[in-house]
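Enquirer: sequence plus the predicted model coming up.
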Amino acid sequence: QSVLEYMSEAADLIILGETKVEGKVNILSKQPLNREEAVELLIVVLNENGYAAIRRGERMLKIVGKDKALIEDLPVRSGANPEDIPKNDLMVTQIIPIRFGNAGQLIENITELLPDYATISANAGSNAIILTDTQQSIHRIAEIVSALDTSISSISEIRVFPLVYADAKQLADVVKGLFESRSSGSSRSSRSSSSGIAEM
């Protein structure tokens, strides 16, 4: 609490504390910090002690418990590029659009990488991931999503074939049938091979 009072005066901050802040602060710096560095350091310390800092404007900082941060008026950000997501401990809600993969399937792999207080969901309509966490954690998740989404794009391709005489819908059904028959043929071949090995 004494650190908050000092920061409010030294960094010209308006600090809104809806919960009693307790914890130890151990900081060692041989170089002086400017205002923004000091504020960022304060946010890091709060995060490590179980609190969430919500930045509003240049001067206002609201402090709540992490369990209550999810129902606060958090800033909403949008974008999938990790380079555009700063690595700090401010809590935000990030909307990450997915280009090639399926958002619902991707979050199955991502959920286990998140802390307990974070929330993640998929929006099927826009094929996007909605993630509420610190920007530091969101930056890391965005890197993982970007790598997965890029790998999916490398094995899939969309091509347009203009048709002169054939009906597009009928031809699509024929092509689909070819793929299905090839798939079922492969399955029968696999079962026959397995049976032959068993008999030998």
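Expert: Nice, I can see it.
Enquirer: got a list of what the closest residue to residue 138 other than its chain neighbours touches?
Expert: The shortest distance from residue 138 to any residue that is not its chain neighbour, by CB to CB, 6 or more residues apart in numbering, is 4.7 Å, and that residue is residue 94. Glycine gets a C-beta too; all of them are placed from N, C-alpha and C. Residue 94 makes contacts with 76-79, 85, 130-133, 135, 138, 142, as judged by CB atoms under 8 Å, 6 or more residues apart in numbering.
Enquirer: please apply the same query to residue 134.
Expert: Contact analysis of residue 134 by CB under 8 Å, 6+ apart lists 47, 52, 88-92.
Enquirer: which residues does it bridge with?
Expert: Counting by DSSP bridges, residue 134 forms beta bridges with residue 91.
Enquirer: can you start the count at 389 instead of 1 from here on
Expert: Sure, I'll start numbering at 389, so the last one becomes residue 522.
Enquirer: can I take it that the residue nearest to residue 526 is in a strand?
Expert: Yes. Note on residue 482: a strand contains this position according to DSSP: H, G, I helix; E, B strand; the rest coil.
Enquirer: residue ranges of the helices in the protein, please?
Expert: Assignment of helices within the chain using DSSP state H yields the ranges 390-398, 423-436, 454-457, 491-498, 523-542, 556-587.
Enquirer: now those helices in CSV, with mean pLDDT?
Expert: Output for the helices of the chain, formatted as CSV (pLDDT from 0 to 100):
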stretch, mean pLDDT
helix 390-398, 82
helix 423-436, 85
helix 454-457, 81
helix 491-498, 88
helix 523-542, 85
helix 556-587, 62
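Enquirer: so which of the ones you listed gets nearest residue 412?
Expert: With respect to residue 412, and counting by CB to CB, the nearest of those is helix 423-436 at 9.1 Å.
Enquirer: cool, thanks, talk later.
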